[in-house]
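# Sequence first, then the predicted structure:
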Amino acid sequence: MKTRKTDVLIIGSGLSGLMTAELLSLQKNVMIFTKKRLEDSNSYLAQGGIAAAVQEKDAWYDHFLDTLQAGCFHNETAAARQLVTDGLEMIQKLVGLGVQFDRQPDGTYQYGKEGAHSHARILHIGGDSTGKHLIDTVKKRIIEKNLVVEGETVLKLIVKNNRCIGVWSMDELGEMTATYASAVILATGGLSGLYPLNSNASTITGDGLALAYDAGAELTDLEFIQFHPTLLVNDDGKSVGLVTEAIRGEGAALVDESGNRLMKNEHPLEDLAPRDVVSRVLYRAQMAGKETFLDIRNINDFQKRFPTVTRLCAKNRVSIEKGLIPVAPGAHFTMGGVGTDVGGRTSITGLYAVGEVANTGVHGANRLASNSLLEGVVFANRLAQTVRSETDVELTLEAEWEGIEVLADSPTFEEIREIMNNHIGIERDERGLNQAVRWFERYLNTTVIHEFPSLEDIKKRNQILVGWLVAGSALQRTESRGSHYRTDHPYQREKWQQRRVKRRKECYESVESTAGA
Ligand code: SIN
């Protein structure tokens, strides 16, 4: 078996991973592993933009409060505050790297509006292709520095005495390598690909979470999975991409087949309510046999303003001329993940996590729209500072491959997705969650150690493990909060609403005194 050595190994090629590499590459030898190609990430697909309180009439504490309110006050406030304050500096850093946010004819930025934001503060690039442009800019720099190993899947972390010193990986030809590093960084994204309707890159099925769990790292808040209200659904009922919330920010509305506004009387912000609220309304409408559409008839220059969605519709033979885009809620973002501090440290020395796979607690129970690209750059910067401040270890290159757990009996991917959808979806209850836990355990109980597993074996076992972890976490949280909605523990809307207003007021007062800090 081959061995390699580097200072920093980053697993995953989304914005947070690439930014971490960019920020460390002057001081450290950095290597990036990606399972498939460099572009296969959720960041690349991100449409809406990147939220930051840049304009004069906005303020970081308003962005902070919106983040907490959308997160149902389950957020780690220190992380949320860091997100919005560091965010302002990181926007400048991106501009310095060559990122060109869309501007008005007078040269000022164009600000988009999205759900649960109190101000229009979403910076975007190329209309609705922000993620692609951001990744392309950073990617160019990374490729020049020759840091990327494509087609490399990490099978296992190498941990000795609660210190991570590297990873075992396999390439597409089945060759295994031990790569040793002083800092191993998980930047693998979330788990939404485990759901039949989802907005994610096809590679995103929770591998990083499984690696961390197997190594004994702490995972937190896995029950909080965000369902985006508006995925484009084709004639076969399959999700084929995202229809950005920024379109509702421009005035589009959610309607049923008779043209009735679905969000009317459901929330004071109507179509721009937080995503968990909108997704539940759409889900219930569909359960009641209704069809759900995004009505874009009042949007001028739609094709020019939303070229990605226009292309997506054309590719899937959805006519935007009629002005009604068929949409359905689907899994989009994992708020929970590998527990970290704001510097990206996990509970295992030498192992770090950043971006969607990490849980700094920044998003709470439901992420605010367009806070994820911001999270990617802000916490990449914090993590780079952490790694720079820590001394490299003397690596002993002596790990022995002892094989890995695989399942002797496993279901199909479609069966896994059906269980996720039916029992750990937008609405959950104790009975369904128990059923899911038992279903996953049936397969986990068939575990055997395999010396030379196939990539398919590894992927399947990780999917079953992660499904089981999510079901177990959802079972333990016997309340409804944000994206975790238990029909057997529903929240009383009016009481909750009053509580949110009161909490917002309290938070506002507590940050006001430090606003100039
Ligand atoms: C969107 O454009 O609707 C998605 C952006 C996000 O997830 O924040």
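Here it is on my side, so go on.

# the helices in the stretch 251-400 of the chain, which residues?
Listed in chain order, the helices found in the stretch 251-400 of the chain under DSSP state H, counting those that start in this stretch are 275-287, 302-305, 307-315, 372-389.

# most tightly surrounded among the ones you listed?
Of all these, helix 372-389 has the most neighbours on average by mean count of other C-beta atoms under 10 Å, namely a mean of 24. Backbone N, C-alpha and C define where each C-beta goes, glycine included.

# Nearest to the ligand, out of the helices of the stretch 251-400 of the chain?
Closest to the ligand of the helices of the stretch 251-400 of the chain, according to C-beta to the nearest ligand atom: helix 372-389, at 5.3 Å.

# What is the next helix or strand after the closest one packed up against?
Later in the chain than helix 372-389, the nearest helix or strand by DSSP states H and E is strand 404-407. Helices and strands touching strand 404-407, as assessed by 3 or more C-beta pairs under 8 Å, 6 or more residues apart in numbering; DSSP states H and E, comprise strand 447-450, helix 455-476.

# and the shortest one, what does it pack onto?
Based on contacts counted as 3+ C-beta pairs under 8 Å, 6+ apart, the elements that strand 447-450 packs against are strand 404-407.

# For residue 431, see how far away the closest residue to the ligand within the chain is.
Going by C-beta to the nearest ligand atom, the ligand is nearest to residue 48 of the chain, at 2.6 Å. The gap separating residue 48 from residue 431 is 36 Å, by C-beta to C-beta, to the nearest Å.

# Packed most tightly, which of the helices and strands packed on strand 404-407 would that be?
Ranked by mean neighbour count, with mean count of other C-beta under 10 Å as the criterion, these are topped by helix 455-476 at a mean of 21.

# Average pLDDT for it, rounded please.
Averaged across helix 455-476, the pLDDT comes to 97.

# what helices or strands is it leaning on?
Using 3+ C-beta pairs under 8 Å, 6+ apart, helix 455-476 sits against strand 152-160, helix 207-215, strand 404-407, helix 413-423, helix 430-444.

# Give me every residue in the stretch 1-150 of the chain lying close to the ligand.
46-48 (C-beta under 6 Å from any ligand atom).

# Low-confidence stretches in the stretch 151-300 of the chain?
Judged by pLDDT under 70, the stretch 151-300 of the chain has no weakly predicted residues.

# Around the ligand, which positions in the stretch 401-517 of the chain sit nearby?
Close to the ligand, as judged by C-beta under 6 Å from any ligand atom, the stretch 401-517 of the chain has no residues.

# my guess is residue 474 contacts residue 427, does it?
No: judged on C-beta atoms under 8 Å, residue 474 makes no contact with residue 427 at a distance of 10.8 Å.

# Reformat the helices of the stretch 251-400 of the chain as CSV; add distance to residue 446.
Output for those, formatted as CSV (distance: least, C-beta to C-beta, whole Å):
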stretch, distance to residue 446
helix 275-287, 33
helix 302-305, 51
helix 307-315, 40
helix 372-389, 36
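
# TSV for the ones you listed, including distance to the ligand?
Listed next are the helices of the stretch 251-400 of the chain as TSV, based on distance: least, C-beta to the nearest ligand atom, whole Å:
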stretch	distance to the ligand
helix 275-287	8
helix 302-305	13
helix 307-315	9
helix 372-389	5
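
# looking at those, which is closest to residue 506?
Checking the helices of the stretch 251-400 of the chain against residue 506 by C-beta to C-beta gives helix 275-287 as the closest, at 21.6 Å.

# elements contacting that closest one?
Partner elements for helix 275-287 (3+ C-beta pairs under 8 Å, 6+ apart): strand 225-233, strand 253-256, strand 292-295, strand 324-334.

# which of those strands sits most buried?
Taking mean count of other C-beta under 10 Å, strand 225-233 is the most buried of the helices and strands packed on helix 275-287, at a mean of 26.

# now it, how far from the centre of its chain.
Taking C-alpha atoms, centre = their mean, to the nearest Å, one finds strand 225-233 lying 13 Å from the centre of the chain it belongs to.

# C-terminal to that strand, what's the next element?
strand 239-242.

# now the helices for the stretch 1-150 of the chain?
Assigned by DSSP H, counting those that start in this stretch, the helices in the stretch 1-150 of the chain fall at 15-24, 42-45, 60-70, 77-97, 130-144.

# Compare those helices and say which comes out lowest on pLDDT.
When the helices of the stretch 1-150 of the chain are ranked by mean pLDDT, helix 42-45 comes last with a mean of 81.

# just checking, what packs against it?
Using 3+ C-beta pairs under 8 Å, 6+ apart: helix 42-45 touches helix 130-144.

# I'd like to know which elements the helix it packs on is packed against.
helix 15-24, helix 42-45, helix 77-97, helix 372-389.

# Okay, now the unreliable bits of the stretch 401-517 of the chain?
492-501, 511-517.

# tell me, how many neighbours does residue 441 end up with?
Neighbour count for residue 441, taken as other C-beta atoms under 10 Å: 13.

# before we move on, what about residue 146?
Other residues near residue 146 come to 7 when the count uses other C-beta under 10 Å.

# can you check residue 246 too?
So residue 246, with other C-beta under 10 Å, has 25 neighbours.

# Quick check: it vs residue 262, distance?
The gap separating residue 246 from residue 262 is 19 Å, by C-beta to C-beta.

# Pretty sure residue 198 sits against residue 334.
No: in this structure, residue 198 is not within contact of residue 334 by C-beta under 8 Å, at 10.8 Å.

# Determine the residues that are contacts of both of the two.
Taking C-beta atoms under 8 Å, 6 or more residues apart in numbering as the contact rule, residue 198 and residue 334 both touch residue 192.

# Reformat the helices and strands packed on helix 275-287 as CSV; add distance to residue 452.
Formatted as CSV, those follow (distance: least, C-beta to C-beta, whole Å):
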stretch, distance to residue 452
strand 225-233, 34
strand 253-256, 51
strand 292-295, 48
strand 324-334, 31
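
# Make JSON lines out of those and add distance to the ligand.
JSON lines is the format used below for the helices and strands packed on helix 275-287 (distance: least, C-beta to the nearest ligand atom, whole Å):
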{"stretch": "strand 225-233", "distance to the ligand": "6"}
{"stretch": "strand 253-256", "distance to the ligand": "13"}
{"stretch": "strand 292-295", "distance to the ligand": "11"}
{"stretch": "strand 324-334", "distance to the ligand": "6"}
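
# Tell me which of those strands sits nearest to residue 20.
strand 324-334 (18.7 Å).

# Give me the helices and strands touching the closest one, please.
With contacts taken as 3+ C-beta pairs under 8 Å, 6+ apart, strand 324-334 sits against strand 225-233, strand 239-242, helix 275-287, strand 292-295.

# Go through the helices of the stretch 251-400 of the chain and name the closest to residue 154.
helix 372-389 (17.9 Å).

# report the angle between the axes of the closest one and strand 225-233?
Orientation note: helix 372-389 sits at an angle of 130 degrees relative to strand 225-233 (axes from the mean of the first three to the mean of the last three C-alpha atoms, to 10 degrees).

# got the CA coordinates for stretch 250-260 in CSV?
The C-alpha coordinates for stretch 250-260 follow below in CSV (Å, rounded to 0.1, in the frame of the first residue of the first chain):
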residue,chain,number,x,y,z
GLU,A,250,-38.6,39.5,-6.1
GLY,A,251,-42.3,38.9,-5.6
ALA,A,252,-43.1,35.4,-6.8
ALA,A,253,-45.8,33.5,-4.8
LEU,A,254,-46.6,29.9,-4.0
VAL,A,255,-49.9,28.8,-5.3
ASP,A,256,-52.0,25.7,-5.7
GLU,A,257,-53.5,24.5,-9.0
SER,A,258,-56.5,26.9,-8.6
GLY,A,259,-54.2,29.8,-8.1
ASN,A,260,-54.8,30.1,-4.3
